[in-house]
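Colleague: Make a model of this:
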Amino acid sequence: MAILVTGGAGFIGSHTVVQLIQSGFDVVILDNFLNSDPEVLNQLHTITGKEIKSYNINLLDKEKVQEVFCENSIDAVIHFAGLKAVGESVAKPLHYYHNNITSTLILCEVMKDHGVKKIVFSSSATVYGAANKIPLTEDTPLGATNPYGWTKLMLEQIFKDLHTSDNEWSVALLRYFNPVGAHTSGLIGEKPGEIPNNLTPYITQVAAGKLDKLRVFGNDYDTKDGTGVRDYIHVEDLAIGHLRALDRVLTNTGVDTYNLGTGKGFSVMDIIQTFEKVTGVYIPYEVIERRPGDVAVSYADTTKAKQELRWVAEKGLEDMLRDAWKWEQKQGKCFVPHLVKRT
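Modeller: Numbering: from 1, shown residues only. As a prediction, the model looks like this:
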């Protein structure tokens with residue numbers, strides 16, 4: 001079977017491509033490399049030993065997307081491509097709505113034209129908005145606190161409406177939490193732009209001496225230490241979750257929704273302290289004002305994924321941070337300070 005992976009050179013996409021190939025699937029990657037590096041394709045070849053067909057295409061270009069489907073016999077799609085920075089979405093809402101929603105509409109139109117009606121969609125825990133019932137189940141009332149979250153929520157509804165109009169569609173909506181870590185080889189991992197938007201790559205760049213200190217967005221939340229609490233999941237566990245979801249859409253019709261996380265919440269301070277423990281590197285930080293659109297606590301109830309997908313996250317926080325640091329150390333010269341005990 002051939003699986004089209006949009007955003008397949010990105011952080012989560014590339015790890016999922018590895019799992020797909022190792023499970024015997026043929027893979028076609030579609031990526032415009034806005035948030036990824038073409039070098040990832042070479043690293044994927046090194047890891048898997050396979051040449052992977054890829055297209056440098058923007059999903060907003062319908063004609064080019066049509067060509068991909070004409071040139072390949074696609075059986076199903078795993079859809080990662082999209083803009084994903086919460087803060088940027090607040091600053092540029094129209095850009096996010098146009099890019100994330102319009103590109104997905106184009107993808108679905110082309111899929112329909114070619115009789116491909118099986119898709120795994122990269123959604124997000126942001127669709128739970130400011131829900132205060134923790135842990136979050138798939139039945140938790142939905143909402144959003146930022147434009148990025150609204151694009152995910154709107155797209156979930158679009159997929160549900162699509163299935164209502166044509167029950168041959170099979171869709172898995174994966175609401176995953178905070179992916180961190182890197183491939184155990186250290187060859188692929190999260191490679192953000194100049195200033196990382198996510199906590200873990202920010203920490204690893206501070207540890208490497210590339211950034212002076214970590215900015216902690218608020219310490220006055222109603223949590224054990226005042227910093228935000230999130231459910232962090234190793235990216236390799238998350239990639240395996242996509243394979244389990246793909247198995248389901250290939251054998252069923254309908255729309256199924258799953259949380260992918262560990263079911264445990266860790267604060268920003270937990271992450272800092274655990275990173276220092278497993279690496280021996282001190283992380284200087286300063287607390288600044290809250291980031292627009294953030295919520296205090298978010299972690300998953302993963303019971304449904306365990307029961308229906310036979311999937312559960314296996315790697316712990318120390319694994320995630322150790323692998324993230326291994327990846328960072330391969331990105332260039334590191335100027336690492338000695339660990340200084342906190343008082």
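Colleague: Mind jotting down where the helices sit in the chain?
Modeller: With helices called from DSSP state H, the chain shows them at 11-22, 39-48, 62-71, 86-91, 93-96, 103-113, 147-165, 199-207, 235-251, 268-279, 303-304, 317-329.
Colleague: can you list contacts of the second one?
Modeller: The one in question is helix 39-48. Contacts to helix 39-48, defined as C-beta atoms under 8 Å, 6 or more residues apart in numbering, come from residues 9, 14, 17-18, 21-22, 29, 50-52, 54, 183, 185, 187-188, 191. Every residue, glycine included, has its C-beta placed from N, CA and C.
Colleague: likewise the fourth one?
Modeller: Residues outside helix 86-91 that contact it (C-beta under 8 Å, 6+ apart): 83, 96, 126, 146-149, 151, 197, 291-294.
Colleague: By neighbour count, which of those residues wins?
Modeller: In terms of neighbours by other C-beta atoms under 10 Å, the contacts of helix 86-91 top out with residue 151 at 27 neighbours.
Colleague: By mean pLDDT, which helix or strand of the chain comes out lowest?
Modeller: In the chain, no helix or strand scores lower on mean pLDDT, DSSP states H and E than helix 86-91, which sits at a mean of 88.
Colleague: hmm, back to that, can you tell me which one of the contacts of helix 86-91 sits lowest on pLDDT?
Modeller: Lowest pLDDT of these: residue 293, 67.
Colleague: can you pull the contacts of residue 185?
Modeller: With C-beta under 8 Å, 6+ apart, residue 185 has these contacts: residue 47.
Colleague: before we move on, the earlier item: among the helices of the chain, which is nearest residue 138?
Modeller: Nearest to residue 138 among the helices of the chain is helix 303-304; the distance by C-beta to C-beta comes to 5.6 Å.
Colleague: least reliable of the helices of the chain going by mean pLDDT?
Modeller: Looking at the helices of the chain, the weakest mean confidence is helix 86-91, a mean of 88.
Colleague: in it, what's buried?
Modeller: 86, 88-90 (16 or more other C-beta atoms under 10 Å).
Colleague: Need these in CSV (columns: distance to residue 306).
Modeller: Listed next are these as CSV, based on distance: C-beta to C-beta, whole Å:
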residue, distance to residue 306
86, 28
88, 34
89, 31
90, 34
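Colleague: Tell me which of the helices of the chain sits nearest to residue 225.
Modeller: Among the helices of the chain, the nearest to residue 225 by C-beta to C-beta is helix 268-279 (4.7 Å).
Colleague: Return that closest one as CSV; C-alpha atoms alone will do.
Modeller: Only the C-alpha atoms of helix 268-279 are listed here, as CSV (Å, rounded to 0.1, in the frame of the first residue of the first chain):
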residue,chain,number,x,y,z
VAL,A,268,7.5,23.6,33.0
MET,A,269,9.6,23.3,36.2
ASP,A,270,9.3,19.5,36.1
ILE,A,271,10.7,19.6,32.6
ILE,A,272,13.6,21.9,33.5
GLN,A,273,14.5,19.8,36.6
THR,A,274,14.3,16.5,34.8
PHE,A,275,16.4,17.8,31.9
GLU,A,276,19.1,18.9,34.3
LYS,A,277,19.0,15.5,36.0
VAL,A,278,19.4,13.4,32.9
THR,A,279,21.9,15.6,31.1
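Colleague: who touches it?
Modeller: 199-200, 203-204, 207, 214, 216, 225, 227-228, 232, 266, 281-283, 285, 317-318, 321-322, 325, 339.
Colleague: contacting residues around residue 230?
Modeller: Each residue near residue 230 by C-beta under 8 Å, 6+ apart is listed here: 177-178, 199, 265-266, 298-299.
Colleague: nearest to residue 76, of the residues you listed?
Modeller: Lowest distance from residue 76 to the contacts of residue 230 (C-beta to C-beta) belongs to residue 177, with 23.9 Å.
Colleague: hang on, the closest one packs against residue 260?
Modeller: Yes - counting by C-beta atoms under 8 Å, residue 177 does reach residue 260; the two are 7.0 Å apart.
Colleague: how many neighbours does residue 92 have?
Modeller: Around residue 92 there are 15 residues (other C-beta under 10 Å).
Colleague: any chance you could read off phi and psi for it?
Modeller: Residue 92 has phi and psi values of phi -130, psi 60 when expressed as degrees, to the nearest 10.
Colleague: Looks like residue 8 contacts residue 32 (just checking).
Modeller: No - in this structure, residue 8 is not within contact of residue 32 by C-beta under 8 Å, at 11.1 Å.
Colleague: For the two, indicate the residue with more neighbours.
Modeller: Set side by side, residue 8 and residue 32 show more neighbours around residue 8, with 28 against 19, by other C-beta under 10 Å.
Colleague: Show the pLDDT at that one.
Modeller: For residue 8, the model assigns a pLDDT of 98.
Colleague: Please apply the same query to residue 336.
Modeller: 64.
Colleague: got it, and residue 133?
Modeller: Residue 133 is given a pLDDT of 89.
Colleague: which ones are touching the closest residue to residue 255 other than its chain neighbours?
Modeller: The shortest distance from residue 255 to any non-neighbouring residue, by C-beta to C-beta, 6 or more residues apart in numbering, is to residue 171 (4.5 Å). Residue 171 is in contact with 118-121, 159-160, 162-163, 249, 254-256, counting by C-beta under 8 Å, 6+ apart.
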